[in-house]
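Colleague: this is a predicted model, with the sequence first.
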There are 2 protein chains.
Amino acid sequence: MNLPEPSSVHRVGIIGAGTIGASWAAYFLARGMEVQAWDPAPDGEAALRAFVAGAWPVLEGLDAVVDGATPDRLAFHSGPAAAIEGVEFVQESAPEKLDVKRALYAEIDAVLPDGVVMSSSTSGLIMSELQAGFSNAARFVVGHPFNPPHLIPLVEVVGGTDTSATVVDWTIGFYDAHGKKAIRLNHEAPGHLVNRLQAALWREAMDAVLTGLASVEDVDDAIKYGPGLRLSAMGPFELCHLAGGPGGFSNFLDHFGDALQHWMDDMRTVELTPEVRTKLKALVAEAIGERAFASVAAERDTLMLPVLSTLARTRREHGLY
Amino acid sequence: MNLPEPSSVHRVGIIGAGTIGASWAAYFLARGMEVQAWDPAPDGEAALRAFVAGAWPVLEGLDAVVDGATPDRLAFHSGPAAAIEGVEFVQESAPEKLDVKRALYAEIDAVLPDGVVMSSSTSGLIMSELQAGFSNAARFVVGHPFNPPHLIPLVEVVGGTDTSATVVDWTIGFYDAHGKKAIRLNHEAPGHLVNRLQAALWREAMDAVLTGLASVEDVDDAIKYGPGLRLSAMGPFELCHLAGGPGGFSNFLDHFGDALQHWMDDMRTVELTPEVRTKLKALVAEAIGERAFASVAAERDTLMLPVLSTLARTRREHGLY
């Protein structure tokens, strides 16, 4: 398989330019690439260009626009075949429906240029089912971003049954070469990895409010004024290692393992029955209260963007990326 | 019960000045209070003063030292009775052993001044068992900080069976009045709330490496380059609300509830058998590799302190605290 040098890729195809695809487009443009996009929505091109125009000053503010990059290197095409002609990589972000994606894959499969990898943003579908039967299945892989991809570095890479191991390696190398942080999943799993980690936290958060342990506001505060303050610096294993003192993770398990087991044994799953959903919706609505959706979103960005900027600058200064 | 106005408290007792107690002492001193401390360790006073001296410039760097505060308002006493004489609040951070704490509580119970609340930093013990039988049990409460308390705002407040509801309210008001972020637990639970939330994340992280889904490094990266970047700005419910778009949390559950249920149904508990502990220790040791403990700790602080500073400044500027 004749794949290009990952760092040399300079033209990418964006198939599907909704929330995720448009954000990918903005990211690749900011990395100085040419982007060829397609989306079937009637206002697809206008919406994409508006998204990129809105994202650009944010990316500039984060020093995430490389020298010479411009939002003008964006071409919108009338179909998927035209959008992937001449590209060296394709990011597919079509709707999360197996039949919709497979119909699209059939069109792409017929014209995918040699040596081009197509990476799917799918969060919930299984690549083995998406790729089955296509002639270029070996070059179909999952590259699941964390939303929004133009701001958050993480991409989860996992191949399906028919994906070539070389393609998985190449895709990780491609994302890493272009400023993302790619992680490797060794096999397919519902929710990949990061949504499983998130769902584990959400499950316990939902259980806490459903059992009356704490209010929705206090659960949110427990995270953002507590462990959330460390989780942009260190992952869970590194933090447990540090919690063990100079004896590290080994000492941590020796000292806190029994307590941890006790807490885990007390955990329950949450069954999202209609009654439970209704109760959760009411509790969250009460906690959000009169705050407009836009003001909650603005609060997140007001707090998160300076954090991203601070982390990026600190990592650069200390060579920590 | 004649409790002081929370904001007027200016002299506190620190019982137990190990890692947690010393950090509490540094925090209260930075808030301009007088601190009376006791610890039974032979080098207790020297260790405490060294901790405060090390923490002070960090607190100054975070603009967390109020006008007029000085590390000199620290007195070290030869016993618990002397340390709590004349104080208006006691923070107890003795070792996490029921018999050790109860022996100490017996000494304190005999001399605790009227109207003074004693809050325990316990992370794992149950207040109902700690307080049982003491004459001042109504004023014994849990105020569990998130380590290190001089840097992380969160305090979990929960009463035992004999704790007065007024004392729980007062303790929340006391912490909030002095710059902490207190949350209320409505009943006792193993691990309180925040360690349950953390343990849920750790459990899924351990499961991922034990089942071979991903490496320890990639699980750590999945958090710190992904969801960890948002969790200092927003809690889990706020984030799910935003993930639902303008329809908010209700729309989120309608659209992602089935997927979430699917992921939760696929989760397993982790049994920390001797074999599992050995395997986890080996995997984490391999991931940490040659990095010295001190260098991992330094990396955390290098990244986390600017984040704390940025968040504090942004919250002040936008009135978001």
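Modeller: Now that the structure is in, tell me what you want to look at.
Colleague: hey, which helix is longest across chain A?
Modeller: helix A:293-318 (DSSP state H).
Colleague: quick one, it and helix B:293-318 angle?
Modeller: Calculated by axes from the mean of the first three to the mean of the last three C-alpha atoms, to 10 degrees, helix A:293-318 forms an angle of 140 degrees with helix B:293-318.
Colleague: so for helix A:293-318, mean pLDDT?
Modeller: Within the predicted structure, the mean pLDDT of helix A:293-318 is 94.
Colleague: in this structure A:Gly179 contacts A:Pro153, no?
Modeller: Yes: with contact defined as C-beta atoms under 8 Å, A:Gly179 reaches A:Pro153; the gap is 7.3 Å. For every residue, glycine as well, the C-beta is placed using N, CA and C.
Colleague: endpoints of stretch A:222-233, how far apart?
Modeller: Across its full length, stretch A:222-233 reaches 18 Å between end residues, using C-alpha to C-alpha, to the nearest Å.
Colleague: what's the answer for stretch A:221-237, then?
Modeller: First residue to last in stretch A:221-237 (C-alpha to C-alpha) measures 23 Å.
Colleague: do it and chain B meet?
Modeller: Yes: judged by C-beta under 8 Å from any C-beta of the partner chain, stretch A:221-237 comes into contact with chain B through A:221-237.
Colleague: which of those fall within helices?
Modeller: Per DSSP H, the residues of stretch A:221-237 next to chain B map to helices at A:Asp221, A:Ala222, A:Ile223, A:Lys224, A:Pro236, A:Phe237.
Colleague: now, which of these sits nearest B:Phe134?
Modeller: A:Ala222 (28.7 Å; C-beta to C-beta).
Colleague: quick check: the closest one vs A:Leu303, distance?
Modeller: When distance is defined by C-beta to C-beta, to the nearest Å, A:Ala222 is 17 Å away from A:Leu303.
Colleague: have a look at these two and say which one is more surrounded.
Modeller: For the pair A:Ala222 and A:Leu303, the greater number of neighbours falls to A:Ala222 (29 against 20), based on other C-beta atoms under 10 Å in any protein chain shown.
Colleague: so what's the closest residue to chain B within the stretch 1-150 of chain A up against?
Modeller: Using C-beta to the nearest C-beta, the single residue of the stretch 1-150 of chain A nearest to chain B is A:Phe146, 4.2 Å away. By C-beta atoms under 8 Å, 6 or more residues apart in numbering or on different chains, the contact list for A:Phe146 reads A:Ile152, A:Leu154, A:Val155, A:Val194, B:Tyr225, B:Gly226, B:Pro227.
Colleague: next one: A:Lys180
Modeller: A:Lys180 touches A:Pro145, A:Pro149, A:Pro153, A:Leu154, A:Val155, counting by C-beta under 8 Å, 6+ apart.
Colleague: run the last query once more with 6 Å
Modeller: Shown in contact with A:Lys180 (C-beta atoms under 6 Å, 6 or more residues apart in numbering or on different chains): A:Pro153, A:Val155.
Colleague: neighbours around A:Ala208, how many?
Modeller: Neighbour number of A:Ala208 under other C-beta under 10 Å is 24.
Colleague: that one sits in which helix or strand?
Modeller: Element membership of A:Ala208, judged by DSSP states H and E, is helix A:194-210.
Colleague: does any part of the longest helix of chain A sit near chain B?
Modeller: Yes: looking at helix A:293-318 against chain B by C-beta under 6 Å from any C-beta of the partner chain, the contacts come from A:Phe293, A:Ala297, A:Arg300, A:Thr302, A:Leu303, A:Met304, A:Pro306, A:Val307, A:Thr310, A:Thr314, A:His318.
Colleague: which ChimeraX command selects the buried ones in these?
Modeller: Those of those that count as buried under 16 or more other C-beta atoms under 10 Å in any protein chain shown are selected in ChimeraX with:
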select /A:297,300,302,303,304,306,307,310,314
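Colleague: could I get the residues of helix A:293-318 next to chain B as a markdown table with distance to B:Trp263?
Modeller: Listed next are the residues of helix A:293-318 next to chain B as a markdown table, based on distance: C-beta to C-beta, whole Å:
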| residue | distance to B:Trp263 |
| --- | --- |
| A:Phe293 | 25 |
| A:Ala297 | 25 |
| A:Arg300 | 23 |
| A:Thr302 | 30 |
| A:Leu303 | 27 |
| A:Met304 | 24 |
| A:Pro306 | 31 |
| A:Val307 | 27 |
| A:Thr310 | 32 |
| A:Thr314 | 33 |
| A:His318 | 35 |
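Colleague: quick one, helices of chain A?
Modeller: Going by DSSP H, chain A shows helices at A:19-30, A:44-61, A:80-84, A:98-111, A:127-131, A:165-177, A:194-210, A:216-224, A:236-243, A:248-265, A:274-288, A:293-318.
Colleague: could you dump these into JSON lines and include distance to B:Gly79?
Modeller: Formatted as JSON lines, the helices of chain A follow (distance: least, C-beta to C-beta, whole Å):
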{"stretch": "helix A:19-30", "distance to B:Gly79": "62"}
{"stretch": "helix A:44-61", "distance to B:Gly79": "56"}
{"stretch": "helix A:80-84", "distance to B:Gly79": "77"}
{"stretch": "helix A:98-111", "distance to B:Gly79": "71"}
{"stretch": "helix A:127-131", "distance to B:Gly79": "66"}
{"stretch": "helix A:165-177", "distance to B:Gly79": "59"}
{"stretch": "helix A:194-210", "distance to B:Gly79": "39"}
{"stretch": "helix A:216-224", "distance to B:Gly79": "35"}
{"stretch": "helix A:236-243", "distance to B:Gly79": "31"}
{"stretch": "helix A:248-265", "distance to B:Gly79": "28"}
{"stretch": "helix A:274-288", "distance to B:Gly79": "46"}
{"stretch": "helix A:293-318", "distance to B:Gly79": "45"}
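Colleague: how about those, which one is nearest B:Phe256?
Modeller: helix A:194-210 (9.4 Å).
Colleague: can you name every helix or strand that that closest one contacts?
Modeller: Packing contacts for helix A:194-210, counted by 3 or more C-beta pairs under 6 Å, 6 or more residues apart in numbering or on different chains; DSSP states H and E, involve helix A:216-224, helix B:194-210, helix B:236-243, helix B:248-265.
Colleague: got JSON lines for the ones you listed, with mean pLDDT and distance to B:Ala69 too?
Modeller: Formatted as JSON lines, the helices and strands packed on helix A:194-210 follow (pLDDT from 0 to 100; distance: least, C-beta to C-beta, whole Å):
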{"stretch": "helix A:216-224", "mean pLDDT": "98", "distance to B:Ala69": "25"}
{"stretch": "helix B:194-210", "mean pLDDT": "98", "distance to B:Ala69": "27"}
{"stretch": "helix B:236-243", "mean pLDDT": "96", "distance to B:Ala69": "33"}
{"stretch": "helix B:248-265", "mean pLDDT": "96", "distance to B:Ala69": "41"}
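Colleague: which of A:Gly179 and A:Pro153 has more neighbours?
Modeller: Between A:Gly179 and A:Pro153, counting by other C-beta under 10 Å, A:Pro153 is the more crowded of the two (23 against 13).
Colleague: surely that one touches B:Tyr225?
Modeller: Yes: using C-beta atoms under 6 Å, A:Pro153 is in contact with B:Tyr225, at 4.3 Å.
Colleague: what sits in contact with each of these two?
Modeller: In contact with both A:Pro153 and B:Tyr225: A:Lys181, using C-beta under 6 Å, 6+ apart.
Colleague: residue closest to the middle of chain A?
Modeller: Central residue of chain A (C-alpha atoms, centre = their mean): A:Phe146, 1.7 Å from the mean position.
Colleague: any idea how far it is from A:Leu59?
Modeller: Taking C-beta to C-beta as the measure, A:Phe146 falls 16 Å from A:Leu59.
Colleague: go on, A:Ala81?
Modeller: Relative to A:Leu59, and taking C-beta to C-beta, A:Ala81 is found at 30 Å.
Colleague: and the stretch 51-200 of chain A, which residues reach chain B?
Modeller: Counting by C-beta under 6 Å from any C-beta, the residues of the stretch 51-200 of chain A close to chain B are A:124, A:146, A:152-154, A:181, A:183-186, A:189-191, A:193-194, A:196-200.
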